[in-house]
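*Asks:* Can you look at this prediction? I've put the sequence above it.
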Amino acid sequence: MDWLVRGGIMMAPILVFSVIALGTFLERLWVLRRDLILPEESLRELENFLKKKMIPEARTYCQQHPSPLARILFAGLQQYGNSRDLIKENMEERGKAEDLELKKYIGLLHTIASVSPLLGLLGTVSGMIKVFGTISVEGVGNPASLATGISEALITTAAGLTVAIPTFLGQRYLAARAERFMHMLEEYATYLLNLLPTSAPGGGEEET
């Protein structure tokens, strides 16, 4: 804890940012899991319902087993009986909402990675101001007095970079992971859309 004190006031926001970054990374890591986003069991069940033209059952299953994939398909099933273009448009709109949800808080990590080094730099400037203030009053004959300002300058710089570098890497990893899952969602949603039986003439649904 001594380095927190010696680092000066800028250590407080840097420490807060480090806690937020760690918590956000772990939360996103937990959310961005295949078994939550693309559960294999749900895919098999929905595929089976659509192949058997069991549209009401597919709707019910989507509501009872919510997942990004289920919500996207459910958006299309709500328009079943209308044109395929309208069904596809509804699924695409829901897909955009799911994309935002998958990338939630990742922008916060980018902000922390960008701001943390600036806080470290600000701490460096503050420390050097103290050094020159000490020199103007006491001269250079008191190394202990100079060491306080220099220590503050170096510690805050190191702390800012220590937070920024892993946060940046974590942000890039999560962004790539979210993007990969979104591409997979698009592929599976298109596959399920193609399994969707053609509406019966007159806008009604086919008999199941």
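*Replies:* Structure received.
*Asks:* going forward, measure contacts and count neighbours with C-alpha atoms only.
*Replies:* Will do.
*Asks:* What number of neighbouring residues does the closest residue to Leu121 other than its chain neighbours come out with?
*Replies:* Excluding the flanking residues, the one nearest Leu121 by CA to CA, 6 or more residues apart in numbering is Thr157, at 5.8 Å. Using other CA atoms under 10 Å, Thr157 is surrounded by 24 other residues.
*Asks:* One more: Ala70?
*Replies:* The burial count for Ala70: 25, using other CA under 10 Å.
*Asks:* which ones are touching it?
*Replies:* Counting by CA atoms under 8 Å, 6 or more residues apart in numbering, Ala70 makes contact with 42, 62-63.
*Asks:* same thing but 10 Å
*Replies:* 37-39, 42-43, 46, 58-59, 61-64, 76, 185, 189 (CA atoms under 10 Å, 6 or more residues apart in numbering).
*Asks:* per-residue confidence for it?
*Replies:* Ala70 is assigned a pLDDT of 92 by the prediction.
*Asks:* same deal with Leu32?
*Replies:* Listed pLDDT for Leu32 reads 92.
*Asks:* What of Thr198?
*Replies:* 67.
*Asks:* what does the average pLDDT come to for the helix or strand encompassing Leu193?
*Replies:* Using DSSP states H and E, Leu193 sits in helix 143-195. Computed over helix 143-195, the mean pLDDT rounds to 86.
*Asks:* same question, stretch 37-52
*Replies:* On average, stretch 37-52 scores 89.
*Asks:* pretty sure Ile14 is touching Ser114, no?
*Replies:* No: with contact defined as CA atoms under 10 Å, Ile14 does not reach Ser114; the gap is 11.7 Å.
*Asks:* ok, Pro13 to Ala158 distance?
*Replies:* From Pro13 over to Ala158 the distance is 14 Å, taken as CA to CA, to the nearest Å.
*Asks:* Name the residues of the host helix or strand of Ala12 that come out as buried.
*Replies:* Using DSSP H and E, Ala12 sits within helix 11-31. Buried residues in helix 11-31, counted by 16 or more other CA atoms under 10 Å: 11, 14-15, 17-18, 21, 24-25, 28.
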